[in-house]
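Peer 1: Give me coordinates for this.
(chains A, B, C and D)
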Amino acid sequence: MTGHDAPPTHGLSTGPATSLAYHTGTWRTERPVYVELSPPCSLACPSGEDIRGWLGSTQEGAPGFEAAWRRLVSANPFPAVMGRICYHPCQASCNRGELDEEVGINAVERFLGDTALAEGWELPAPTTETGRRVLVVGSGPAGLSAAYQLRMLGHSVLVREAAGEPGGMMRYGIPAYRLPREVLAQEISRIERTGVVIECEAPVTDLDAAQREFDAVVLTMGAGVAHHVDIPAGAASKIVDAIDVLRDVASGRPPLVGRRVAVYGGGNTAMDAARTARRLGAQDAVVVYRRTQEQMPAHPTELQDAIGEGVRVQWLSTISQVEGQTLTIERMELDEEGRPHGTGEFEELDADTVMLAVGQDADLTLLENVPDIHVSDGVVQVDPTTLMTGRDGVFAAGDVSPGSRTATYAIGRGARAAKAVDAYLAARVIPAEPAPREATYDRMTSWYYSDAPKQHRGELEAARRVTGFEEVLTGLDAEHAVFEARRCMSCGSCFECDNCFGMCPDDAIRKLGPGMRYEIDYDYCKGCGICAEECPCGAIDMIPEVK
Amino acid sequence: MRQVRIHGRGGQGVVTAAEMLARAGFLAGHEAQAIPSFGSERTGAPVVAYCRFADGPLRTREPVLAPDVVLVTDPTLLGPVRPFEGLAPGGLVIVNTTTDAPTVRDAAGARDVDATVITVPATTITMTHLGKPKPAAAMLAAYAAAAEDITLDAVVQVFDARFPGAIGAANAAAAREAYSYVKAELAGPTHGLVAATGKEASDA
Amino acid sequence: MTTVHIPFLQTGTLAVGGRLLEDEERSVQSQADRPSSLTKGHRACQGCAEALAARWVMDTAVEAADDKLIVANATGCLEVFSTLYPESAWKPPWIHSVFANAAAVATGIAASLHAQGRDDIRVLAQGGDGGTVDIGLAAVSGMFERNDDVLYVCYDNQGYMNTGVQRSSATPTSARTATTPAVGCQPGAPVGQGKSMPKIAMAHEIPYVATATVADLRDLEHKVRTAMSIHGARYLHVLVPCPLGWGASSAESIRLSRAAVQSGIFPVIESRAGELTDVQPIRQRMDVEEYLRPQARFAHLFKPGGEDALDRWRAMAERNIRHYDLLGERS
Amino acid sequence: MREVLEGSQAVARTVARCRPGVVCAYPISPQTHIVEALSVMARTGELADCEYVNVESEFSAMSVAIGASAAGSRAYTATASQGLLYMSEAVFNAAGMGLPIVMTVANRAIGAPINIWNDHSDAMALRDSGWLQLYAADNQEAADLHVTAFAIAEELEIPAMVCMDGFVLTHATDVLELPTQEQIDAFLPGYEPKQVLDVLHPTTIGTMAGPESFTETKYLQHLRFLDAADVIQRWSDRFHDTFGREAGGLVARYDAHTFDRDREAPGANAEDIVVVAMGSVLGTLQAALPELRAEGIPVRLLGVSSFRPFPGGALRDALGDSRHVVVIDRALELGSGGVLTGCVGRALAGTRSRIHSVVAGLGGRPILEESLRDVIRRAHSRDLPTLEFMDLKAGGIPRPPVGATEVAR
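Peer 2: Numbers count the residues shown, from 1 in each chain, chains lettered A, B, ... in the order given. As a prediction, this is how the structure comes out:
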């Protein structure tokens, strides 16, 4: 060389990966940010289950089942029960329904519940004992949910039940072909093993006394009293309350209902009553309902199941008179606002028994002399946040309080009451919950989800069903349950599909390892937005850089 | 220095002939140089090549302008390419033809040029042995017979080296026949195959 | 062409990875310690699919070659944005010579390695459509016909994007470019011009020809792996949307690739020795509009007078669907 | 061993003995015989451990050589004329990347009009390509130069063209002595690339340089060219010491009387006319000039062996006190004069030298000894213009005979 420096190699060769010196992050006008949104299933779940979470654990197969179940029972101690009787509003709102068919959440829940029973998994023991005592009045789903959650929080809980067996409507209102008694008993006794004490045939009659004995009281007496309508009826007519029939059957005293049964009403109890009538020997079970199918409160699956078992439905019909075995039915029509009105056209229907299923009322005798607890519309009025009644330290949840009368809702309200009681006992205020951001379908990139139809649970042949109270729906096996769980799109929550990591043109995303998700390297991220666009579950937001 | 010019047609092995001549000259103890003059012409077109022998270094790259020896491998070229042009006085012209020297001189318009003209039916001879109209070996053998620059052995040797085997042998046979032919004719001038000027006749 | 059998998972083979996958089922791109052969700090435009495809291709090739890969790169965006002295975004040994000669440089490297007895070191050449289909075609064709041991990868963004979006012979009909403006009676790139490089490659009857897009990583990785398992001349043609040149949002590069495939516009195929051996069927049929409309270069198709051009696009899609049986109607 | 060989054969055999790893071949006259000969040797095994690649163009020939060189092989190709221009982009590129490729250029004119014969306009067109250009005066030197060219190029990491006159040398047969395999193995070091595409030590070759670094890149390239003169001379000396004959170097000096090549020949005197030339015309000059000496014309001969780098210093040394130079030029800078003359003129700037540019031998026009003597005589009698077209025909280009067209008939 001529005394001048020359580069080590010619033609301006350079070392590998020296571009790291150039930070392309300065080009960015928008930045990707990982977010955790609420999936529509959970938002729709009255029990507040972390459905996406427990489906996620289930996806891992057998090693994940127990973790899935534990995530599930943290909100709902009755997965085997609810996996059978829940009307799963989660599925109705499932984003996967937009793609092919909704995820069979309920079936997976039942699978987990049954698996837990088979494996003998126990609910967790409380980690502390507060020494505070709480009385729960009633052992239906709201009561047991509240009792379980209170126990988990370390309180000592006594449940007093007026009936001979615990379970409330789960036991007395839902036929065994939908919920085998053994399953219910196992899940209740598992709650008892956490330390919850249930006393049966122990009606609470004195609230003041109860309050002296306990630090808080939760009222969950339910709505087990049949509502009555006035129908002109002859003496020879046999008119019974549907809820009583169901209770009698559940108590082992099946009534005689005759060959032809008419059920009056359009709710789930009407469906249960009609299907039960078939099982009790009725060859003809007719549901008489004054409105249309679209308007009926019964869950569509219940209706379908009933029809599948030979139940007939007479729409837009009211029973105007019962004389002996003859019912007079008036045809109805809907006005512009969808309300039924009589048309003056009549027909007759033969029925040995008429079952009334036109609603149920709460048993409020305990509150008759308690002026500071306000009852309105037949239910106990509560603070919508704390569920506390007008009386300090007395809370109410379930069918006795306002809201949807389903077991699922009751479980959610029971849990909420427990939380409120816990805050009350600690003199805390329940913090306001942030408004959830829903993971809507339009955020999703559904392309990435595998094509997969829903795994339908097997059903007993209709002919076999009506001959007994055998359970109609069978469960999923493990393989199918995992398959079904894997249909979950994990809406709004990263499930580590690696799309963002793999599809970043700028190599600007770091993968942190299993369960740890990813980290964006903002030194290099140019903000192109591909990660957000191609995130299957919509878990990345692009937000403007503040300059 | 001896300078040779070879006229022929594309495909007759003119360039090979020049190279073989240089090789033969080298074997004969000379410095040697062969310069083909190339065109973009194809088979059948007139081609010329040059060769030089010397006993000292050969440096010039000039084409041969004043040849001591001219080889014409195709009698039809005698008119068009003027093979006698630039010929050194008393030069040697060897023509592949079945005719005689006077005919050659007439055809080339060189009736009075001071030169020795030798004719040899090289193609006829070559066809007999090789079966192909590639008369280079026969022509070089005729040259060996007519002048001291190269030897018949050298001609046979260079062709055998370039074309080992049957082709080399056929070329050698053609060379020997052509050599004998020219030697015979040089020994007995009565056939008129060697037509010389007055000066040449006394040399012969 | 979902060739990796994977039990049903949330996202199957369509996503990059998935936490439920076994190690051996994982794509190269899903590995936390993937080679990242084209690493961060390069200066590609936001959303550049070529940068993405190049990393995908090369990472797979590097893995398949057991880290023994040498790359020759044609002039073009990929070269310019990755190697502005003194910085280089490449990790493997890499050379850029000129625009038209990547294939020939690769041939030289392969020849050298063979002469050195290093057939274990593999050679990959890459360029854009201009460097491959137009100016580099002779060198590519020569490399093909000699069956040189080179995998040539063309990143087709359908134009000369590096120089400011001019038409190449890979620019599709009616696309607006700086040299085919959207004016006149036949706006955009002329009808009846252009050529199919994969078909040209197939005509050479080389051991392996395939097309791929950035819409299907596993398919692309599979094809690179397949190509790397073969010696001789191999060709991979990858469609890479260019947000700048196509007039699309930087976030849409993958979506557009998907639309190109699902509409039938870009057939994803495999060929061996000139024979068509595999075709990726359409999974969710899309209309060509889903591909065309987001691209500003086709905006004039959706204005009055654009109907004929749009019909031509539909016809093109139909022809591909028929020719390649993209809906699986014949199989 | 002295033997009779065609120039192309001599080059091909010598190249083979330099043990290239990759040879690229594309036919173009008058280079073709070289790669033909190499292809035979590749088949017979004489060219061992070498990949012989039949490429589809000169552009790819150079490109394949680039790849091969960058991958660590000694790479070789040969071309001429249009082929050199066709590969020119890659030619510049190889130099810019410092890849020590050796290429034979069988010098030939550039069209149009198309012309396959010899002159120097092809290599001259690429004089600024960053390659060394070493010119052979005869076939012995053409063969020998390849040995030193590999050594020089590889030491400098600058590619080298060995230029030999097309047809005049490539197709001429001469008595030569080729370096043997053993001699070359002892003389030429093995190729040890300083930059290589190595999977164990990856590097990026061929980056883009912006305005902030391009000037410096070129400046350093320039400095390396300055270094090249010493390296060329050193290898030439070494060759001379080893083989006992001249090959290359910067300039060729000749004895004032015998015109034999003589490295010890003194510089010219003040009264001397010095003929400067390059390539095979030097041989013709060697043959032509003694006659002028005999006539009493004080003429000296000086050959340019290395055209790139241009050896200004060595040229001035050899010219000594002479200020009268006749350059025989086989390439024309239109509107100006010979290309070599321009370089000589720049080297002699400020010396008040009288420089004639004699453009000769374009497109294969034979350069005749008598014509050369004529221009020197005229230079001596001060009758030679600064720019002379040797043997220019009066009346311009011959025209087709009138009426000799199909249309006219």
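
Peer 1: For stretch C:266-274, give me every contacting residue.
Peer 2: C:1, C:198, C:201-213, C:216, C:219, C:223, C:226, C:239, C:257, C:260-261, C:276-280, C:320, C:323-324, C:326 (Cβ atoms under 8 Å, 6 or more residues apart in numbering or on different chains). Every C-beta, even on glycine, is put in place using the N, C-alpha and C of the backbone.

Peer 1: If we use 7 Å, what do you get?
Peer 2: C:1, C:198, C:202-203, C:205, C:207-213, C:219, C:223, C:239, C:260-261, C:276-280, C:320, C:324, C:326 (Cβ atoms under 7 Å, 6 or more residues apart in numbering or on different chains).

Peer 1: same thing with stretch B:128-143?
Peer 2: B:12-13, B:16-17, B:20-21, B:24, B:69, B:71, B:73, B:94, B:96, B:118, B:120, B:122-123, B:125-127, B:150, B:152, B:155, B:159, B:167, B:170-171, B:173-176, B:178-179, B:182.

Peer 1: among the contacts of stretch C:266-274, which are in helices?
Peer 2: C:198, C:202, C:203, C:219, C:223, C:260, C:261, C:320, C:324 (DSSP state H).

Peer 1: Which of those residues are buried? Put it as a PyMOL command.
Peer 2: Buried residues among the ones in helices among the contacts of stretch C:266-274 (16 or more other Cβ atoms under 10 Å in any protein chain shown), as a PyMOL selection:
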select buried, chain C and resi 198+202+219+223+260+261+320+324
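
Peer 1: which residue sits closest to the spatially most central residue of chain B in space, ignoring its chain neighbours?
Peer 2: Chain B has residue B:71 as the residue nearest its centroid, 3.3 Å off, counting by Cα atoms, centre = their mean. With sequence-adjacent residues excluded and distances taken as Cβ to Cβ, 6 or more residues apart in numbering or on different chains, residue B:71 is closest to residue B:6, at 4.5 Å.

Peer 1: Count the neighbours of the one you found for me.
Peer 2: Residue B:6 has 33 neighbours, counted by other Cβ atoms under 10 Å in any protein chain shown.

Peer 1: Against residue D:255, how distant is residue B:157?
Peer 2: Per Cβ to Cβ, to the nearest Å, residue B:157 is found 36 Å from residue D:255.

Peer 1: pLDDT below threshold where in chain D?
Peer 2: Scanning chain D with the threshold set as pLDDT under 70 gives D:402-409.

Peer 1: now the residue in it that chain C sits nearest to, what's its secondary structure?
Peer 2: Per Cβ to the nearest Cβ, residue D:67 is where chain D lies closest to chain C, at 2.5 Å. When classified by DSSP: H, G, I helix; E, B strand; the rest coil, residue D:67 comes out as helix.

Peer 1: what's the single longest helix in the chain?
Peer 2: Reading this off chain A. Chain A, longest helix under DSSP H: helix A:407-425.

Peer 1: Please refer instead to chain B.
Peer 2: Counting residues, the longest helix in chain B under DSSP H turns out to be helix B:166-187.

Peer 1: Can you work out which other helices and strands pack against that helix?
Peer 2: strand B:115-120, helix B:122-129, helix B:136-146, helix B:152-162 (3 or more Cβ pairs under 7 Å, 6 or more residues apart in numbering or on different chains; DSSP states H and E).

Peer 1: in chain D, what residue is nearest chain A?
Peer 2: For chain D, Cβ to the nearest Cβ, closest residue to chain A: residue D:98, 2.7 Å.

Peer 1: element containing that residue?
Peer 2: Using DSSP states H and E, residue D:98 is not contained in any helix or strand.

Peer 1: What mean pLDDT does the host helix or strand of residue C:124 get?
Peer 2: Per DSSP H and E, residue C:124 falls inside strand C:122-128. Here strand C:122-128 scores 98 as its mean pLDDT.

Peer 1: Show me the strands paired with it, marking each as parallel or antiparallel.
Peer 2: strand C:69-73 (parallel), strand C:151-156 (parallel) (DSSP bridges).

Peer 1: What sits closest to the residue of the stretch 351-500 of chain A at minimum distance from chain C if chain neighbours are left out?
Peer 2: In the stretch 351-500 of chain A, the residue found nearest to chain C is residue A:498; the distance is 2.9 Å by Cβ to the nearest Cβ. Using Cβ to Cβ, 6+ apart and skipping residues adjacent in sequence, the residue nearest residue A:498 is residue C:17, 2.9 Å away.

Peer 1: What distance do you get for the one you found to residue C:173?
Peer 2: In terms of Cβ to Cβ, residue C:17 sits 37 Å off from residue C:173.

Peer 1: Count residues in the vicinity of residue 337, would you?
Peer 2: If you meant another chain, say so; for now it's chain A. 5.

Peer 1: wait, I meant chain D there
Peer 2: Neighbours of residue D:337 (other Cβ under 10 Å): 21.

Peer 1: can you check residue B:99 too?
Peer 2: 15.

Peer 1: That one against residue B:121, yeah?
Peer 2: No - using Cβ atoms under 7 Å as the test, residue B:99 is too far from residue B:121 to be in contact (9.0 Å).

Peer 1: Let's verify the residue of the stretch 201-331 of chain C found nearest chain A: helix, strand, or coil?
Peer 2: Chain A sits closest to residue C:251 of the stretch 201-331 of chain C, with a gap of 3.2 Å, by Cβ to the nearest Cβ. Assigned by three-state DSSP, the conformation of residue C:251 is helix.

Peer 1: ok, now which ones touch it?
Peer 2: A:528, A:529, A:530, A:532, A:533, C:47.

Peer 1: Skip the chain neighbours and tell me the closest residue to it.
Peer 2: Closest residue in space to residue C:251, ignoring its immediate chain neighbours: residue A:529 at 3.2 Å, by Cβ to Cβ, 6+ apart.

Peer 1: pretty sure residue D:254 is touching residue D:265, no?
Peer 2: Yes - here residue D:254 reaches residue D:265: they are 6.1 Å apart, a contact under Cβ under 7 Å.

Peer 1: Count the residues that sit near the residue of chain D closest to chain A.
Peer 2: Neighbour count of residue D:98, defined by other Cβ under 10 Å: 26.

Peer 1: Please determine how far it is located from chain B.
Peer 2: 35 Å (Cβ to the nearest Cβ, to the nearest Å).

Peer 1: again with residue C:186
Peer 2: 46 Å.

Peer 1: pLDDT value on the closest residue to that residue other than its chain neighbours, please?
Peer 2: Leaving aside its chain neighbours, residue C:186 sits nearest to residue C:174 (7.8 Å; criterion: Cβ to Cβ, 6+ apart). Turning to residue C:174, the model gives it a pLDDT of 94.

Peer 1: what does residue B:29 give?
Peer 2: 92.

Peer 1: Now chain C against chain D: closest residue?
Peer 2: For chain C, Cβ to the nearest Cβ, closest residue to chain D: residue C:108, 2.5 Å.

Peer 1: Isn't that residue up against residue D:67?
Peer 2: Yes - the criterion here is Cβ under 7 Å, and residue C:108 meets it with residue D:67 at 2.5 Å.

Peer 1: Cool, thanks, talk later.
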